[in-house]
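Student: Give me the fold of what follows.
(chains A and B)
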Amino acid sequence: MIHSLFLVNSSGDIFLEKHWKSVVSRSVCDYFFEAQERASEPENVPPVIPTPHHYLISVLRHRIYFVAVIQSEVPPLFVIEFLHRVVDTFQDYFGVCTEAAIKDNVVVVYELLEEMLDNGFPLATESNILKELIKPPTILRTVVNTITGSTNVGEQLPTGQLSVVPWRRTGVKYTNNEAYFDVVEEIDAIIDKSGSTITAEIQGVIDACVKLTGMPDLTLSFMNPRLLDDVSFHPCVRFKRWEAERILSFIPPDGNFRLLSYHVSCQNLVAIPVYVKHNITFREGSSQGRFELTLGPKQTMGKGLEAVLISSQLPRGVLNTNLNPSQGTYNFDPVTKLLSWDVGKINPQKLPSLKGSMSLQAGASKPDENPTINIQFKIQQSALSG
Amino acid sequence: MLSMSTNNLSYNDQGGTDSAVEVGQETTPTSSNAGAGFGLFSVDFKKNDDLKEMLESNKESLKLEAMKRVVGLKKLVYVYLVRYAEEQQDLALLSISTFQRALKDPNQLIRASALRVLSSIRVPIIVPIMMLAIKEAASDMSPYVRKTSAHAIQKLYSLDQDQKDLLIEVIEKLLKDKSTLVAGSVVMAFEEVCPDRIDLIHKNYRKLCNLLVDVEEWGQVVIISMLTRYARTQFTSPWKEDGVFDEHSERAFYESDEEKTRNEPEAKPYMMDPDHRLLLRNTKPLLQSRNTAVVMSVAQLYWHLAPKNEVSIVTKSLVRLLRSHREVQYIVLQNIASMSIQRKGMFEPYMKSFYVRSTDATHIKSLKLEILTSLANEANISTVLREFQTYVKSQDKEFAAGTIQAIGRCATNISEVTDTCLNGLVLLLSNRDETVVAESVVVIRKLLQTQPTQHSDIIKHMAKLFDNITVPMARASILWLMGEYCERVPKIAPDVLRKMAKSFTSEEDIVKLQTVNLAAKLYLTNSKQTKLLTQYILNLGKYDQNYDIRDRTRFIRQLIVPNDKNGALSKYAHRILLAPKPAPLLESAYKDRDRYQLGTLSHTINTKASGYLELSDWPAVAPDQSVRNVEVIEPVKEWAPSLWKTGKSKPAKSSDDKFYSDSGEEEEEGSGSSSSEDGSSSSEESGSDAESRVENSSQSSEESDESSSQSEKSSSESESDSEKKKRKTKTPLQKKTVKPTAKDGDSDGNVAKEASSSSAEESSSDSESDSDAHTDSDSGTEHKKKTKSKAKPKVEVKSKKEVSLLDLGDFTPAPVTQLKSSILSPSLLGDLEGMSLSNVSSTIQVSGPAFVPEKSHDLLHRMTGKGLSAQYQFPRQPCLYQPTMVSVQISLTNTSDHPLEQIHIGDRSPTGLNIHCFNTVECLEPEASVTVFMGIDFNDSTQAANFQLCTKEDHFSVSIQPAVGDLFLPITMTELDFRKEQGKLLGMNESSATITMAAENMTSQPISRPVATVANLGVVPSGQDDIHRFAGKTASSGAVVLVTVELRESSTALITINTEKSVMGSMLLRDLKQALAQA
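Tutor: Numbering: from 1, shown residues only, chains lettered A, B, ... in the order given. Got it, this is the predicted structure:
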């Protein structure tokens, strides 16, 4: 299935390669680089690239391309899903998944890749099993390893691999038994320039951190399971029980995991808890434009809006901006024309605003359309789905 | 560290000096510290002596060290793999003896690792050794080792294809394996080695279907795609020729399933093969998988195999995947694009999910555009076009151009909007952006070609714009339009030609070619005005640098200018050049992709990838179904209920002590005994399981008065066949237990009879569905009795079991015994637990309501309803339509002065809401009123049911809000039963409160009245005067609700509510408190 894996950084260098079958020359990546050059944005590189003898399937995460080389028919999602799983594992092990982190931990990376695939077929992808096999690096362990010359390879036999609950390692013991569940709901909305919502949908996840001794069997019931329109589960959740009773029954993995993600059915449009007043104008003929944004909370049920971040891709004609934020910091990149404004917390008494002027390229015609504005924000302790 | 060095080496071999190598070298020094064996390897890996030394020392390593050793050696072997140096091949052979020894290691993990490494050595000499090792491992007792052997098959096959026949034998053997661990890997090997040997699957088909849910996710993908191909060769098409699927045949299938009329002559009304249905049923829950590849593979399975009306269940899950990573979106959108061309209706309700976001990558945007275009129809085209208007203004010009093409496609597909689209596109011609204008011109040209008669003014408009347009393709398009329809613009066309003659030399090639064409066409139609111009252009073309243009010029000149030599051809010049041309079809780029199986690589790249296996067409006549029959069939149901018991004991902490204490002890004993042994385990021997086996054998032996050994065989087969991985039933164990238990299992003789009779001739899937039906009818008490009566024999079982465990040193390793009953596959547990409710309810009779409140609620006021007023009330009767629904009585009154027509129920929300609508009221005269009944499945929640009440002209959004008490159905039970049920619902399931009663409630009037007013509960006859008990069950799930009101002195009372629906319990408590405390 998966023949080889190449890790390519944003400047187009292969900084790590791994082969599970025979060696595939790295020149196969030339096709990938070609596609990379053609793409205007890093995201625009097509995920599947056919070459005369191989097929390249790549994912882009954290500005690193993970390019898998395959030789014959295989569901592309199979490979893509696996690559993402690899990235998740790296993130889990090293905290971040950057080129530097991978290079620093190159030994662990190879060990992980070796265990995750056997002859190109996924073998152990569960984080619990991998952590039994290969201990995640910690500062202490790194120091000890450097002195003693030992490795991160676990001394224990990975018994979890053999059981029918492969996601949970065996023999877990805690002095304090605790389980935490985070419910995170995201709202995705498209709003037109007059402020009316075109489409909005709520997606949620329940992330869990379970530290329980032994083999606990948990049940979780919902006040109103009908809200959950469409759900996907961690493999530990029993499908049938959910279908019959709408109860989540599961033997949890040890540590952090995503229990389920769901989609909330809401026929009537969701109330968006923030509004933006905008006034962006370009005057015909002159090389100046006016830019004005004001943000305000709306229907937040008393909860504060936090970590508000505004970004906007300004038209190509804009040379520079001279803006004045009433709070937070803003940043304009004259090369990518990306304007970002880190607002922070919104104080309902004093609404944040960003005002000023833009200088346009002389002689360039007025852009036809105002830029789209992306807003990200967080509300703590509030469930959008109600 | 070691792997580091090996890879480092590989780089050097390739001559690559890149960053990775440097990093490697930076880190190697740390590993070169002497001491650990690995360090030695990495430093001196080239020196044979050291290696040998290490190997020697490794021989004596302790068990824990063994893993390290294997890991170390594996890395070493990889050095060979990469280097392939000769002297090291000898060394490879040297190490092989170590692996061969490790293959006999008592620890299964070491055996597996050794095989994994051994099979990775790509040295042809050791093929026979590998073959032998694989064969041995395939019959290993540990499923994990067998899994590894399945992986090794692929490796050996790629090393030496001559081994195919031998390997197929191994695959055949492994396919029979009942472990979920093995299933995925062996199917992978099957796909790699012998995907055409479909005959190997027959006998394992049902087993694979049943195991599927419990296989690890990667294996699921492989198995599902294999089963898709299999099903297409074995079953007849469920798709009706006329494309309309009538529900009748669907029903026919279920009936046939129940009546076991499987052998009826098929084909007349289409009847789905039960095995076909089995596959569809067992893959459906996987749509909820977190693994996107699994979801996609189930989606493609439904697309290729399910009846047309069932395919749409995958829609929601596919749309969910759009929230995932960009690459996932890309693949999923591609597949949706293919699907949406054939089946618009599937994705239409989710159209908004395909709206483009500004943050999407360009290829995602264009795919979304593609889908939106496919989904557009008369009803939604205005929304789609409005959305497109925004897209056209996008700064991403590639995307804007794509949008214009999409508008063009909408315009041709939907004739109502052709003119609107055309006008919109003409407006775009004055856009500032060149690409937009150019694309518009090209699309307009195509549109005009489809209906050229009416649009001469657009052609004129475009001629005017001609000077401002610089994009060659657009200029060429306008010129072509001029030439093609020169008769409609007789004045303008020659003028355009004149302008072109001036600028001819500076034009792009494509424009020049069209200029020559235009000149030729004008010469033929209007030679008076254009003769000189044409000749001038032809002369310019004759000396053009581009040979295409020179050729074209020569050709045109010969064709249109009459001379002696070629008169024959020029006679037809008019017909050649001005022939009516067929309009181009504006089609989706995904039109032809459906020739590839969805979800495959070939589908994504739209060419056949190597190794792609065609999906065959449905056979006209189904091949013999009996090939899938397995000789002995499982009586699943016998052991299922007892499993349910143990399963339930976990979460519910049930109080059925007599039973559970027994099984609990036994479990502990079992695990204790097993843990003393290496590698073997009793986990699969946990009490519940053993017990079930006891029941099995007892029943079947009793029923079929034949030799007990045969019944054991059947029970053992059944168990393994069903979804469990704990195969291997112990014959010794069973033989001995049959006798003591045979006497006891009398309560379910008829069940057993049916089961085993079905097992004799029916397919396993049939008997499984049978058993489903039976467990429903089985009352809970029945097997309670059963299990109680088992208490004694079980003691014997225990002792026997320990002996048997010693015999078989197999199965999962010791630590897993901690699982106890949870070792049962989760899904199965869930399955069984799900049945508990129906079991409980069947012991208790649903009774009529004690009291029906007259109170009705406004559904629709006559003012807002434009004359239509509606009121609803809960008649508290069991719903006729579906038992899980609550029946609602609605009275509709027409207060207006004109008759209202076609009153019916429209859209509802949430969409999942299950409503049984009343029949449409055709006409309601003024001042008339009508009462209708409908059923609503509130799903045991007080969330309002929102729906639309529609008349012919209007629709009004209304909502029905049930009080918690209306969601119950009263049941009658004895006080004893009440106490028993109450005992099961303690702790979290109990809520209680003390209240001060209102004076009137304390007096003579029985307390039942206010309680019955609040909630639809039945009165339980009570032996005590001061304690009143009420019982009911929830409508949807049938969970028992028990209310106790205990009157105390000084007019206080204690209300206790026991129900597993704790939310409903607390709401009911609140309502009761209020009602009873009220004056």
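Student: If the one residue sitting closest to the centre of chain A is in a bridge, with which residues?
Tutor: Nearest to the mean C-alpha position of chain A, by CA atoms, centre = their mean, lies A:Arg61 at 7.9 Å. With DSSP bridges applied, A:Arg61 shows beta-bridge pairing to A:Ile64.
Student: Now do it against A:Val74, distance only.
Tutor: Noted for A:Arg61: a distance of 20 Å to A:Val74, by CB to CB, to the nearest Å. Glycine gets a C-beta too; all of them are placed from N, C-alpha and C.
Student: again, but for B:Pro238
Tutor: Computed as CB to CB, the B:Pro238 to A:Val74 distance reads 28 Å.
Student: So for these two, which sits in the more crowded spot?
Tutor: Of the pair B:Pro238 and A:Val74, A:Val74 is the one with more neighbours under other CB atoms under 10 Å in any protein chain shown, namely 26 against 23.
Student: which of the residues in the helix or strand containing B:Leu1054 are buried?
Tutor: Following DSSP states H and E, one finds B:Leu1054 within strand B:1052-1059. Using 16 or more other CB atoms under 10 Å in any protein chain shown as the test for burial, strand B:1052-1059 gives B:1053, B:1055-1059.
Student: Ok, stretch B:1058-1069 next?
Tutor: If you call a residue buried by 16+ other CB under 10 Å, then stretch B:1058-1069 has these buried ones: B:1058-1065, B:1067-1069.
Student: so of the residues you listed, which ones are in helices?
Tutor: By the criterion of DSSP state H, membership of these in helices covers B:1062-1065, B:1067-1069.
Student: how much distance is there from the longest helix along chain A to the middle of the chain?
Tutor: The longest helix of chain A (DSSP H) is helix A:76-94. For helix A:76-94, the distance from its own C-alpha centre to the chain's C-alpha centre is 11 Å (CA atoms, centre = their mean, to the nearest Å).
Student: Output that helix as PDB, nothing but the C-alphas.
Tutor: Output in PDB follows, covering the C-alpha atoms of helix A:76-94 (Å, rounded to 0.1, in the frame of the first residue of the first chain):
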ATOM      1  CA  PRO A  76      -6.800   7.800  -1.500                       C
ATOM      2  CA  LEU A  77      -8.600   8.600   1.800                       C
ATOM      3  CA  PHE A  78      -7.000   5.600   3.300                       C
ATOM      4  CA  VAL A  79      -3.600   7.100   2.700                       C
ATOM      5  CA  ILE A  80      -4.700  10.600   3.600                       C
ATOM      6  CA  GLU A  81      -6.300   9.500   6.800                       C
ATOM      7  CA  PHE A  82      -3.100   7.600   7.700                       C
ATOM      8  CA  LEU A  83      -0.900  10.600   7.000                       C
ATOM      9  CA  HIS A  84      -3.000  12.800   9.200                       C
ATOM     10  CA  ARG A  85      -2.800  10.100  11.900                       C
ATOM     11  CA  VAL A  86       1.000  10.300  11.600                       C
ATOM     12  CA  VAL A  87       0.900  14.000  12.100                       C
ATOM     13  CA  ASP A  88      -1.400  13.700  15.000                       C
ATOM     14  CA  THR A  89       1.000  11.200  16.600                       C
ATOM     15  CA  PHE A  90       4.000  13.500  16.100                       C
ATOM     16  CA  GLN A  91       2.100  16.300  17.700                       C
ATOM     17  CA  ASP A  92       1.100  14.000  20.500                       C
ATOM     18  CA  TYR A  93       4.700  13.000  21.000                       C
ATOM     19  CA  PHE A  94       6.600  16.300  20.500                       C
END
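Student: Output the contacting helices and strands for whichever helix or strand comes after it.
Tutor: The first helix or strand that comes after helix A:76-94 along the chain, using DSSP H and E, is helix A:99-104. For helix A:99-104, the elements it packs on are strand A:2-9, strand A:14-19, helix A:76-94, judged by 3 or more CB pairs under 8 Å, 6 or more residues apart in numbering or on different chains; DSSP states H and E.
Student: I figured the residue nearest to the centre of chain A hits A:Cys97, correct?
Tutor: Yes: counting by CB atoms under 8 Å, a contact exists between A:Arg61 and A:Cys97, whose distance comes to 6.6 Å.
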